[in-house]
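**Q** I'd like to go over a predicted model; first the sequence, then the structure.
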Amino acid sequence: MSMPETRQLSFSLAINEALHQAMAEDPRVILVGQGVKSPWYVGNTATGLLEQFGPDRVIDTPVSENAVTGAAVGAALAGMRPVVVHPRMDFMLYAFDPIINEAANWYYMSGGAMSVPVVFWGIINRGGEQAAQHSQALHSIFSHIPGLKVVAPSCPADAKGLMVAAIRDDNPVVFVDERWLYRLEEAVPTGIYEVPIGKARIVREGIDATIACFSYLVLEAVAAAEILEGEGVNCEVLDMRTLRPLDREALIASCHRTRRLVVCDVGWRTGGIGAEMVALVAESGVGLAAPPCRVALPDSPAPAARTLERAYYPRSETIAAAVRGCL
């Protein structure tokens with residue numbers, strides 16, 4: 001089998017390529033949201049879309065998250081496939097009604113007669129002294145809601161493939177990306193393709209401990225595994241990629257191999273995806289050799305001071321210390 005043709009792309013340009021190809025493939029796909037014409041809002045993820053597809057399909061909206069998201073849900077019910085971008089995930093809170101009360105429930109309440117093929121794309125911003133109202137990762141809230149799928153890629157190839165899969169899905173998908181990943185580069189297949197929703201990937205094989213993670217913390221987990229390798233510890237890094245539905249089988253299989261578990265969540269510790277992963281493993285009956293450990297944000301709002309930010313956000317050494325604790 002021949003290998004697919006690839007080219008080097010950053011995380012943000014991989015999303016851009018996914019949007020270009022999906023919109024070219026299907027005229028029902030539209031992009032709506034604040035700042036889709038502005039690189040200040042969405043980086044270069046929307047570069048060239050307005051010029052190629054015009055203002056009827058690339059719609060720069062007023063600052064009204066509830067109204068814009070509600071309009072997108074209505075468009076999806078009418079047969080379109082909208083992608084709604086929220087340049088700061090914090091302000092998706094204003095759109096809870098159309099996302100949670102409407103989009104997540106239509107398929108169920110109509111007995112499968114009506115679906116809502118819409119992507120709610122939320123961008124996590126961190127650091128840069130942006131403080132509590134501009135730094136929040138709210139993925140766990142959406143992962144709690146039946147009827148929503150939630151994806152959180154960690155690399156350019158997955159960002160492209162999961163965005164395409166989300167657009168093609170017949171029901172609502174929350175696509176979570178992280179601005180800290182935007183400059184990350186790798187070889188990405190040039191053609192249009194899907195990464196399956198609900199499937200984790202093993203980033204690094206190991207036998208001594210499983211580090212289950214997603215989004216930006218996959219990079220830190222790999223760095224932690226490299227630190228620990230120098231100490232004779234061989235860690236498996238499992239990128240969950242999808243937060244709802246979690247890949248229960250992959251997580252349990254990894255824990256069977258390693259018998260130790262560290263979970264890493266880019267959000268707060270209490271009630272987070274990390275806790276859900278620990279619960280899944282506990283319910284499976286896997287005989288862990290040590291209690292599982294959670295790495296997550298402390299249960300406090302994000303600080304503004306740069307010195308406090310350095311202490312607030314988990315890094316590779318935080319994860320390495322957690323693994324050492326399990327050993």
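**A** Nice, I can see it.
**Q** Stretch 189-198: which residues count as buried?
**A** Pro189, Ile192, Glu194, Val195, Ile197, Gly198 (16 or more other Cβ atoms under 10 Å). To be clear about C-beta, it is placed using only N, CA and C from the backbone, and glycine gets the same treatment.
**Q** Please name the nearest non-neighbouring residue to the third one.
**A** Going back to what we said before, that points to Glu194. Spatial nearest neighbour of Glu194, chain neighbours left out: Ala165 (4.1 Å); criterion: Cβ to Cβ, 6 or more residues apart in numbering.
**Q** Regarding the one you found, which helix or strand does it belong to?
**A** Using DSSP states H and E, Ala165 falls within helix 156-168.
**Q** got it, and Ala75?
**A** With DSSP H and E as the test, Ala75 turns up in helix 65-77.
**Q** That helix packs against which elements?
**A** strand 29-33, strand 81-86 (3 or more Cβ pairs under 8 Å, 6 or more residues apart in numbering; DSSP states H and E).
**Q** the inter-axis angle of it versus strand 81-86?
**A** 170 degrees (axes from the mean of the first three to the mean of the last three Cα atoms, to 10 degrees).
**Q** Where do the domain boundaries of the chain fall?
**A** For the chain, automatic domain parsing gives the domain ranges 6-189, 201-326.
**Q** got those domains as CSV, with mean pLDDT columns?
**A** Below are the domains of the chain laid out as CSV (pLDDT from 0 to 100):
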stretch, mean pLDDT
domain 6-189, 94
domain 201-326, 97
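**Q** Just the endpoints, please. Distance across stretch 106-114?
**A** Stretch 106-114 has an end-to-end distance of 6 Å (Cα to Cα, to the nearest Å).
**Q** got a list of contacts for that stretch?
**A** Leu77, Ser115, Val116, Pro146, Gly147, Asn171 (Cβ atoms under 8 Å, 6 or more residues apart in numbering).
**Q** got the buried residues for that stretch?
**A** Trp106, Tyr107.
**Q** next one: stretch 175-187
**A** For stretch 175-187, by 16+ other Cβ under 10 Å, it's Phe175, Val176, Asp177, Glu178, Arg179, Trp180, Leu181, Tyr182, Leu184.
**Q** From the chain's centroid, how far away is that stretch?
**A** In this view, stretch 175-187 has its centroid 10 Å away from the chain centroid, taken as Cα atoms, centre = their mean, to the nearest Å.
**Q** Would you mind listing the residues in contact with the residue nearest to Val118 when sequence neighbours are not counted?
**A** Leaving aside its chain neighbours, Val118 sits nearest to Ala76 (4.1 Å; criterion: Cβ to Cβ, 6+ apart). Applying Cβ under 8 Å, 6+ apart to Ala76 gives the contacts Pro82, Ala103, Ser115, Val116, Pro117, Val118, Pro172.
**Q** coming back round to it: with distance to Asp247 as extra columns, can I get the buried residues of stretch 189-198 in TSV?
**A** Shown next, in TSV, are the buried residues of stretch 189-198 (distance: Cβ to Cβ, whole Å):
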residue	distance to Asp247
Pro189	22
Ile192	23
Glu194	16
Val195	12
Ile197	10
Gly198	6
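**Q** just curious, which of those residues is nearest to Ala275?
**A** Gly198 (19.5 Å; Cβ to Cβ).
**Q** All set now, cheers.
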